[in-house]
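**Student:** can't give you the sequence, but here's the structure:
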């Protein structure tokens, strides 16, 4: 196995671990956000901050 294959395999293992963690959180009821929801929240926060000036 060469270094590139080893690095790729390690990245795949790390990604799998992250996905398992996220799935466990989802099953436990933790709220997630869609990209559009985050976008709207950020725009709202920026607008509010802009109005404070």
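**Tutor:** Right, received. Where do you want to start? Keep in mind that this is a model prediction, so the values were computed, not measured.
**Student:** how much space is there between residue 47 and residue 53?
**Tutor:** Separation of residue 47 from residue 53 (CB to CB, to the nearest Å): 11 Å. For the C-beta atoms, the positions are set from N, CA and C on the backbone; glycine is no exception.
**Student:** Between these two, which has more neighbouring residues?
**Tutor:** A count of neighbours by other CB atoms under 10 Å puts residue 47 above the other of residue 47 and residue 53, at 9 against 4.
**Student:** And the pLDDT for that one?
**Tutor:** Confidence at residue 47, expressed as pLDDT, is 94.
**Student:** And the lengthiest helix in the chain, how far out from the chain middle?
**Tutor:** Assignment by DSSP state H gives helix 3-27 as the longest helix of the chain. Distance of helix 3-27 from its chain centroid, counting by CA atoms, centre = their mean, to the nearest Å, is 13 Å.
**Student:** Much appreciated, bye for now.
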